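[1] Fold the stuff below for me.
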Amino acid sequence: MQIDREQRIRKAEELFMQGFNCSQSVVAAFADIYGYTEEQALRMSAGFGGGIGRLRLSCGAFNALALLAGLDCGSVTPGDREGKSYNYKVVQELAARFKEEHGSLICAELLKLKKGAPLTYEASERTAEYYKQRPCVNQIISAARIYCDYLEKKESM
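    Numbering: from 1, shown residues only. All right, here's what the predicted structure looks like:
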């Protein structure tokens, strides 16, 4: 059964609301396209959430876009500068779209954390208050939509 764009976007949102991190939610929504199970996708993207291991660096939803681009067009041939360059181009285009919509690719900036805010590896408890305070679901929906747009544009070429 073919999954349409709205189902993929909804799936990404639902996964986040179930407690998965930003990166996991987006990657798992597209796992079937690349022959991965949902569990494999959740595992391979787990460390990219929270701005990479909760370091608040690049946004997990954006990290998912970069990971998906690698699955889609990443070079697998040693010394393949052309293939590597093409993948970087795709990642940069996805980054530009994401940044245009959200103003940043950086988790700490998107969360409006104070400079030098303490870091912890402790995952936040997912409560109604957590979901109310976090803009993450917006970035997840956006990332899933941006990736759907990329796939549709690629198909039409």
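[2] you'd agree residue 50 is up against residue 56?
    Yes. If you go by C-beta atoms under 8 Å, residue 50 and residue 56 touch, sitting 6.8 Å apart. For the C-beta atoms, the positions are set from N, CA and C on the backbone; glycine is no exception.
[3] the more surrounded of those two?
    With neighbours defined as other C-beta atoms under 10 Å, residue 50 and residue 56 compare such that residue 50 has more, 24 against 18.
[4] How about residues contacting the helix or strand hosting the more buried one?
    In this structure, residue 50 sits in helix 49-52 according to DSSP states H and E. If you take C-beta atoms under 8 Å, 6 or more residues apart in numbering as the criterion, helix 49-52 is touched by 20-24, 56-60, 63, 106-108, 123.
[5] Using PDB, write out every CA atom in that helix.
    Coordinates of the C-alpha atoms in helix 49-52 are reproduced here as PDB (Å, rounded to 0.1, in the frame of the first residue of the first chain):
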ATOM      1  CA  GLY A  49      17.300  14.000  18.500                       C
ATOM      2  CA  GLY A  50      17.600  16.900  21.000                       C
ATOM      3  CA  GLY A  51      20.000  18.600  18.700                       C
ATOM      4  CA  ILE A  52      22.300  15.500  18.500                       C
END
